[in-house]
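I need the structure of the sequence given here:
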Amino acid sequence: MAPRTDFPPVRACLFDMDGLLLDTEDIYTECINILLAKYGRPNLPWSIKAQLQGRPGPEANAIFHQWANLPIEQSDYLTQYSALQAEHFPHAKPLPGVEQLLADLGRTRWWDLPASSSTAADSRDPARHRVHVALATSSNSANFAVKTTNWAELFSVFPSHRRVLGDDKRITPGRGKPLPDIYLLALDTINQSLPPSEPPIRPEECLVFEDSVPGVEAGRRAGMRVAWVPHPMLKQEYVGRDADILAGRMGAAGVDVDTHQLGDHDDGWADYMPDLTNFPYEKYGIVVPPAEVENDPAMKDESVAEVVAVAQA
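Got it, this is the predicted structure:
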């Protein structure tokens, strides 16, 4: 089929975290390999790791333990694994392009400033609009806190009410990625907090950022566009399968799939990107104001207010 080219401009960007915003995937592997070596087991291969990425903790742990066959109780493993994570996760850093991308998207709030400000002429141009952001990660609250310890300012672009974590009570247990629930909920958190003058954002106006195969499927099944930014080793593991992955047709959710939620090969809804540097904003109808607008007093006032609100939440 011919790829779709008449997409509306992106009004919301929904982000995974592990392996997409922060370089935690290699840290996960390091922690696992330390324990595997301790019990005489081989290192974790990417064929197994690929099945763990993006999934909720309980499901990922079940897949891992079936493969690893460790001579200890799962509870003992999790205790040791959690201790290693607490030691190593604070050293996680943003992946290439992440800091610039989040700063640019945060700066689009310029287009929302009142007409009485210096933005009056620009704010009347419908092609220039604020892009709302939300976080949708399978990491639970405790892990999120550890991973972002040194990056509070970076993550302040995500208001607390627009952060959907893996242990969010609003997600039914067992309904994590690759099911679409987490991204639909993330979109709902945005729509519930839009000003009355702004119409609700539709799924096709959203861009999901994912590194995992189940995550891509979740975004596609939510009816959203997807940017797939995988770890180089994951890309190598699935060499030649890009079309299936981008269409959400890798079968990550098994047989219980509504066929209308699946995409088609080369349908234009999803793109592969090696990293997030030099992000092609124009492809998605996003206009980023110049960096100097950050010096506008109105921008500073709003920026401070948002950060304070997040800190107090």
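
Look up how far W67 lies from the residue positioned nearest the centre of the chain.
Closest residue to the average C-alpha location of the chain: D16 at 1.6 Å, with CA atoms, centre = their mean. Distance, D16 to W67, by CB to CB, to the nearest Å: 23 Å. C-beta: built from backbone N, CA, C; applies to glycine.

Likewise for P90?
Taking CB to CB as the measure, P90 falls 28 Å from W67.

swap in T5?
To W67, T5 is 42 Å away according to CB to CB.

In terms of neighbours, single out the busier of these two.
W67 (15 against 6; other CB atoms under 10 Å).

Next up, the contacts around the more buried one.
I48 (CB atoms under 8 Å, 6 or more residues apart in numbering).

what about it, distance to R241?
21 Å.

what do you get for A62?
With distances taken as CB to CB, A62 is found 24 Å from R241.

same question, L102
29 Å.

what about those two, which has more around it?
The neighbour comparison of L102 against R241 (other CB under 10 Å) goes to L102, with 21 against 13.

Model confidence score at that one, please.
L102 carries a pLDDT value of 98.

That one belongs to a strand?
No - according to DSSP: H, G, I helix; E, B strand; the rest coil, L102 belongs to no strand; its state is helix.

so who does it touch?
21, 133, 154, 157.

Could you give the backbone dihedrals for the residue lying closest to P56 once chain neighbours are set aside?
The spatial neighbour of P56 that comes closest, neighbours along the chain excluded (CB to CB, 6 or more residues apart in numbering), is G176 at 3.5 Å. Dihedral angles of G176 (phi, psi; degrees, to the nearest 10) stand at phi -80, psi -170.

State the helix or strand in which the residue lying closest to G248 once chain neighbours are set aside lies.
Spatial nearest neighbour of G248, excluding adjacent residues (CB to CB, 6+ apart): R220 at 3.2 Å. Per DSSP states H and E: R220 is located in helix 213-221.

Show the secondary-structure elements that that helix is packed against.
Here helix 213-221 touches helix 181-191, strand 206-210, strand 225-228, helix 242-246, strand 270-272, going by 3 or more CB pairs under 8 Å, 6 or more residues apart in numbering; DSSP states H and E.

Who are the packing partners of the shortest one?
In other words, strand 270-272. Going by 3+ CB pairs under 8 Å, 6+ apart, strand 270-272 lies up against helix 213-221, strand 225-228, helix 242-246.

Pipe the ones you listed into CSV and attach mean pLDDT and distance to S75 per row.
As requested, these are arranged in CSV below (pLDDT from 0 to 100; distance: least, CB to CB, whole Å):
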stretch, mean pLDDT, distance to S75
helix 213-221, 94, 25
strand 225-228, 98, 35
helix 242-246, 96, 34
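
quick one: which of those is nearest E73?
helix 213-221 (26.8 Å; CB to CB).

Hmm, D181 and T172 touching each other?
Yes - the criterion here is CB atoms under 8 Å, and T172 meets it with D181 at 7.2 Å.

Does H129 belong to a helix, a strand or coil?
Here H129 is recorded as coil under three-state DSSP.

residues near it, how many?
Counted with other CB under 10 Å, the neighbours of H129 add up to 18.

hang on, it packs against A12?
No - judged on CB under 8 Å, H129 makes no contact with A12 at a distance of 10.7 Å.

what's the spacing between P9 and A222?
18 Å.

between those two, which one's more packed in?
In terms of neighbours (other CB under 10 Å), A222 is the more surrounded of P9 and A222; the figures are 25 against 14.

Return the residues in contact with the residue nearest to G248.
Counting by CB under 8 Å, 6+ apart, R220 makes contact with 226, 246-248, 261-263, 269-270.

what about 6 Å?
Residues counted as contacts of R220 (CB atoms under 6 Å, 6 or more residues apart in numbering) are 226, 248, 263.

Would you mind measuring from it to F155?
Here R220 is placed at a distance of 26 Å from F155 (CB to CB).
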